[in-house]
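Student: Here's a sequence, model it:
(one chain, ligands or ions: 1)
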Amino acid sequence: MKASGAASLAAAWPRGLVASPAIRRVRPSDPGWPSKAAWKRLNDAVDGNLIPVEFPINACLSGTQSADCNALFANVKNPYYIGDNPGITQTLGWVDAWETKPSVYAVAARNADDIAAAVDFARENNLRLVVKGGGHSYQGTSNAPDSLLIWTRHMHDVAIQNDFVARGCKSAPQRAVTVGSGTIWLQAYDAVTTKAGAYVQGGGCTTVGVAGLIQSGGFGSFSKHYGMAAAGLLEAEVVTADGKVRIANACTNPDLFWALKGGGGGTFGVVSKLTLRVRDLPELAGGADFTIKASSDDAYRRLIRQFVGFYRDALFNDRWGEQAHFSPDNKLQISMVHLGLETEQSRKVWQPFLNWLAQSSTAYTIEGEPGIGSMPFRHWWDPDWSKEHHRDAFKADSRSNASPMNVWWNGDAGQVGWVIWGFESLWMPASLLQDDSQEKLANALFAASRFSAVELHFNKGLAGAPSEAIESAKDTAMNPAVCGAFALAIVADGQGPAYPGIPNHEPDAAMGRAAADAVHRCMNELRAVASSGGAYVSESNFFESDFEHSYWGANYVRLAEIKKKYDPDGLFFVHNGVGSKHWTLDGFTKL
Ligand SMILES: Cc1cc2nc3c(=O)[nH]c(=O)nc-3n(C[C@H](O)[C@H](O)[C@H](O)COP(=O)(O)OP(=O)(O)OC[C@H]3O[C@@H](n4cnc5c(N)ncnc54)[C@H](O)[C@@H]3O)c2cc1C
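Tutor: Numbering: from 1, shown residues only. Okay, here's the model as predicted:
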């Protein structure tokens, strides 16, 4: 009687109040954790490539002055050491948000079949599953304690194809490159640009993973000309939550294909291979690097105002990308790149700005000689050429057995093994560059720079790009705001390698909180003039409010439907990913 009474009452409840069948992923301490025999079966299925995950930070358990601990804190400044260790991530943590912790086991996958075996095992045993490629997620989305990790590091075959046609499509054959999903961008650039003299649109940082970057949209130094990296995806091989290996392209599973182009990594399946468009390489590329110090706040205001106008008139086009930084110490740092200009041509572009500075030499000091010039594009990512020409662009992996190809930009070194204090981004609409808005933009940049350093990444906003780049971006899942933005503003702060509970290496939580507050206030000054901007999913706040709208705008609704279709039970979970609101923050319990 009681049971039937309860049942009839339940039928009268509004649907949302009836508890859905609880899903709680199991941890090693739970009785439902797979037996040793079950793990052995998985190990057999992946040919012995199931590995217990070690936690490198344990080197400090025996004492923080030990040689092992010192070696560890030196090694975590090397992205290749980090990448070779399934137990840690490029970012070691984020104050009050997350810290890197190892999975229990990892499948060191070699192909789609290994991935499918791991996906099936996780689904059948109700495990928390996590995927790691390059390990560069700022938000810790490739990190989950008590989980099974699919680790793609060893899947880095790169093959150029001259006549690629996506499966099921009737399009004309085109030049493309197919990469394993553990490939990092330097490996792709080495094959496509250094060796084959061609171009593939990827990311700026050499050690970021191809699969992670493509799935978050992805921008490289030259995206102002070539567009988003995701827009160059022609086909992906992907293992979905049901364990099936699928092809996704414009003709086969086009909905999944679209979601993979910017809908966020670790959400719709595990990508095992990607095929990307390859294009002709211009002969030259180059840059402009210099820092100007203003002598007073007033002089700095004028400098920013002048730069905004100069940017709009001379640099707001598809030749110029990368960054300008506006800092509290009244410095303007220019770190920009160009495409296709001779050294003399690139200097000529900057001459009016340099002339203006020279006219007020008491107010402005250029630190060192402005470095403006060009080089053969083919050698942009070539460590040998860089060494020979004393370009001093890269840091190198100093481990004794390291490949000479293990290099990363000096400019990215501060983010290796770092702990984040605060990180926010905002797309800046191109309307702010109009004559009657430039003053407003300059004032906002000055006001923001009183709190923290503002970086404008011009290559991460597509206004000014060729229409083809903009149209192809519209056919991705990214927030359409990217198409009307002249730049992505990024404000971030953090500290070098640190880990909670390791004496003398603890993150500075008090300083971190103060910095996060400054980052937020700084960004609010920009939000005041760019309220509808939106943020870039991969480079944004862990605590992003209304993240669905911020990251994907109107595209979120379609992404949520695709998520339901391919992963109805939420096997794939990442923090602030599509569908993540149905889960607790750790991704273990369905709400
Ligand atoms: C120093 C640094 C510089 C950066 N520079 C740029 C830049 O120039 N341009 C830019 O656009 N972004 C940049 N980023 C952001 C970067 O593109 C993203 O963080 C990207 O998602 C990292 O990919 P990953 O494979 O290295 O990282 P991971 O942490 O391994 O992966 C990121 C996400 O993708 C998922 N994922 C990884 N592999 C797969 C797979 N095979 N299948 C399914 N899901 C997968 C993971 O689960 C995770 O959720 C930078 C980040 C850092 C730390």
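Student: how about the residues of the chain near the ligand?
Tutor: Proximity of the chain to the ligand is confined to 90, 131-138, 141-142, 152, 181, 203-205, 208-209, 211-213, 215-216, 218-219, 265-266, 270-271, 412, 415, 538-539, 574 under the rule Cβ under 6 Å from any ligand atom. Placement of C-beta: from N, CA and C, glycine included.
Student: In helices, which of those fall?
Tutor: Members of those lying in helices (criterion: DSSP state H): 211-213, 215.
Student: nearest to residue 300, of those?
Tutor: Using Cβ to Cβ, residue 213 is the member of those that sits closest to residue 300, with 34.6 Å.
Student: Give me the nearest residue to that closest one, chain neighbours excluded.
Tutor: Of all residues not flanking residue 213 in the chain, residue 203 sits nearest, at 4.4 Å (Cβ to Cβ, 6 or more residues apart in numbering).
Student: Would you pull up the residue in the stretch 301-450 of the chain closest to the ligand?
Tutor: residue 415 (3.9 Å; Cβ to the nearest ligand atom).
Student: and what of the stretch 251-400 of the chain?
Tutor: residue 265 (2.0 Å).
Student: hmm, back to that, okay, now the residue nearest to residue 213: neighbour count?
Tutor: Using other Cβ atoms under 10 Å, residue 203 has 26 neighbouring residues.
Student: What separation do you get for residue 508 and residue 358?
Tutor: 42 Å (Cβ to Cβ, to the nearest Å).
Student: quick one, which of the two is more surrounded?
Tutor: residue 508 (14 against 11).
Student: hang on, the more buried one packs against residue 496?
Tutor: No. Contact status for residue 508 versus residue 496: not in contact, 10.5 Å apart, counting by Cβ atoms under 8 Å.
Student: So for the longest helix belonging to the chain, mean pLDDT?
Tutor: Secondary structure assigned by DSSP H gives helix 509-527 as the longest helix of the chain. What helix 509-527 shows for mean pLDDT is 98.
Student: Now do the SS call for residue 237.
Tutor: State at residue 237, reduced to three classes by DSSP: H, G, I helix; E, B strand; the rest coil: strand.
Student: Could you list everything it pairs with in the sheet?
Tutor: Counting by DSSP bridges, residue 237 is bridged to residue 247, residue 273.
Student: Enumerate every residue touching it.
Tutor: 112, 245-248, 271-274 (Cβ atoms under 8 Å, 6 or more residues apart in numbering).
Student: go again using 6 Å as the cut-off
Tutor: Residue 237 makes contact with 112, 272-273, according to Cβ atoms under 6 Å, 6 or more residues apart in numbering.
Student: Narrow the residues you listed to just the buried residues.
Tutor: Among the contacts of residue 237, those scoring as buried are 112, 272-273 (criterion: 16 or more other Cβ atoms under 10 Å).
Student: mind listing the strands for the stretch 1-150 of the chain?
Tutor: Using DSSP state E, counting those that start in this stretch, the strands of the stretch 1-150 of the chain run over 50-52, 93-94, 98-99, 105-108, 129-132, 148-151.
Student: nope, the stretch 301-450 of the chain is what I meant
Tutor: In the stretch 301-450 of the chain, the segments counted as strands under DSSP E, counting those that start in this stretch are 320-326, 331-339, 364-376, 394-396, 407-409, 419-429.
Student: For the strands of the stretch 1-150 of the chain, give me JSON lines that also has mean neighbour count and mean pLDDT.
Tutor: What follows is these, written out as JSON lines (neighbours: other Cβ atoms under 10 Å; pLDDT from 0 to 100):
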{"stretch": "strand 50-52", "mean neighbour count": "17", "mean pLDDT": "98"}
{"stretch": "strand 93-94", "mean neighbour count": "24", "mean pLDDT": "98"}
{"stretch": "strand 98-99", "mean neighbour count": "22", "mean pLDDT": "98"}
{"stretch": "strand 105-108", "mean neighbour count": "23", "mean pLDDT": "98"}
{"stretch": "strand 129-132", "mean neighbour count": "26", "mean pLDDT": "98"}
{"stretch": "strand 148-151", "mean neighbour count": "26", "mean pLDDT": "98"}
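Student: Reformat these as JSON lines; add distance to residue 434.
Tutor: Below are the strands of the stretch 1-150 of the chain laid out as JSON lines (distance: least, Cβ to Cβ, whole Å):
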{"stretch": "strand 50-52", "distance to residue 434": "56"}
{"stretch": "strand 93-94", "distance to residue 434": "37"}
{"stretch": "strand 98-99", "distance to residue 434": "40"}
{"stretch": "strand 105-108", "distance to residue 434": "52"}
{"stretch": "strand 129-132", "distance to residue 434": "43"}
{"stretch": "strand 148-151", "distance to residue 434": "48"}
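Student: By average pLDDT, which secondary structure element in the chain comes out worst?
Tutor: For the chain, using mean pLDDT, DSSP states H and E, the weakest element among its helices and strands is helix 2-12, scoring a mean of 38.
Student: closest to residue 62 among the ones in helices among the residues of the chain next to the ligand?
Tutor: Nearest to residue 62, judged by Cβ to Cβ, of these is residue 212 at 33.8 Å.
Student: ok, back up a step: now render the buried ones among the contacts of residue 237 as JSON lines, adding distance to residue 469.
Tutor: Converted to JSON lines, the buried ones among the contacts of residue 237 look like this (distance: Cβ to Cβ, whole Å):
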{"residue": "112", "distance to residue 469": "31"}
{"residue": "272", "distance to residue 469": "28"}
{"residue": "273", "distance to residue 469": "25"}
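Student: just to revisit the earlier point, list the helices and strands the longest helix of the chain packs on?
Tutor: Counting contacts by 3 or more Cβ pairs under 6 Å, 6 or more residues apart in numbering; DSSP states H and E, helix 509-527 is packed against strand 419-429, helix 438-449, strand 485-495.
Student: what comes into contact with the following helix or strand past that helix?
Tutor: Using DSSP states H and E, the helix or strand that directly follows helix 509-527 along the chain is helix 547-552. Outside helix 547-552, the residues that touch it by Cβ under 6 Å, 6+ apart are 479, 534-535, 537, 544, 556, 559, 576.
Student: swap in stretch 373-391?
Tutor: So stretch 373-391 is contacted by 189, 193-194, 197, 281-282, 284-286, 341, 343, 346, 393-394, 407 (Cβ under 6 Å, 6+ apart).
Student: which parts of that stretch are buried?
Tutor: Neighbour counts over stretch 373-391 (16+ other Cβ under 10 Å) mark 373-383, 385-386 as buried.
Student: How confident was the prediction at the residue of the stretch 301-450 of the chain closest to the ligand?
Tutor: In this prediction, residue 415 carries a pLDDT score of 95.
Student: Check the one 5 residues further on too.
Tutor: In this model, residue 420 is scored at 98, pLDDT.
Student: residues near it, how many?
Tutor: Residue 420 is flanked by 27 other residues according to other Cβ under 10 Å.
Student: residue contacts, it?
Tutor: 94, 494.
Student: beta partners for it?
Tutor: residue 94, residue 494.
Student: Compute the number of surrounding residues for the residue of the stretch 301-450 of the chain closest to the ligand.
Tutor: Neighbours of residue 415 using other Cβ under 10 Å come to 18.
Student: Same check on residue 294?
Tutor: Count around residue 294 with other Cβ under 10 Å applied: 21.
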